[in-house]
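Colleague: Build me a model from this:
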Amino acid sequence: MAKKNPTESELEVLNILWQHGPSSVRFVNDELNKKKEVGYTTTLKIMQLMNEKDLLTREISGKKHIYAHQIKEKATQKSLLEKFVDSTFRGSASKLVLQALGNHEASQEELDEIKAFIEKIEIKALIKKTENKKS
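Modeller: Sure, this is the predicted structure:
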């Protein structure tokens, strides 16, 4: 089955596996229950379906089934963000950033980090433009 973007519940499971590495259903369920009550069989079913969808791998170790993520965190974040920007902000990254900054009081440290990131992007764009002129 082809890989696709995870659902919200699947993303919660993936976040645990990205943070802690390969884990049992019990461990994942215990972690999920730190935020909200989730039944063990619900977690088991979600993880079994994720395995069928090639989002997770499963290794049997004695009586335990150990699950690991099969999709990369950064690639998943990128895919989800692209979908979100396209569907919510009509593809405009600047609208997303302006909305995020308008709804959140950024610290000076965050603002400095954002400025540094913008400067890096501007330098890359300038280098690319210069290289294109030479070609």
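
Colleague: Help me confirm that Ser9 is found in a helix?
Modeller: Yes. Membership of Ser9 in a helix is supported by DSSP: H, G, I helix; E, B strand; the rest coil.

Colleague: from what I can see it touches Lys45, true?
Modeller: No. Taking contacts as Cβ atoms under 8 Å, Ser9 lies outside contact range of Lys45: 10.0 Å. C-beta here means a position set from N, CA and C on the backbone, and glycine is covered the same way.

Colleague: Residues in contact with the lowest-mean-pLDDT helix or strand in the chain: which ones?
Modeller: Lowest by mean pLDDT, DSSP states H and E among the helices and strands of the chain is helix 93-103, with a mean of 86. Contact with helix 93-103 is made by 84-85, 88-89, 114, as judged by Cβ atoms under 8 Å, 6 or more residues apart in numbering.

Colleague: care to break this protein down by domain?
Modeller: Domain assignment for the chain by automatic domain parsing gives 8-69, 105-135.

Colleague: Save these as TSV, and put in mean neighbour count, distance to Lys78 and mean pLDDT too.
Modeller: Shown next, in TSV, are the domains of the chain (neighbours: other Cβ atoms under 10 Å; distance: least, Cβ to Cβ, whole Å; pLDDT from 0 to 100):
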stretch	mean neighbour count	distance to Lys78	mean pLDDT
domain 8-69	16	14	96
domain 105-135	10	16	89
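
Colleague: I'd like those domains as a markdown table, with distance to Leu98 appended.
Modeller: Putting those into a markdown table (distance: least, Cβ to Cβ, whole Å) gives the following:
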| stretch | distance to Leu98 |
| --- | --- |
| domain 8-69 | 25 |
| domain 105-135 | 12 |
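
Colleague: helix or strand for the residue nearest the centre of the chain, which one?
Modeller: Centroid-nearest residue in the chain, with Cα atoms, centre = their mean: Gln77, separated by 3.4 Å. Using DSSP states H and E, Gln77 maps to helix 73-88.

Colleague: residue contacts, Thr43?
Modeller: 13, 25, 28-29, 32.
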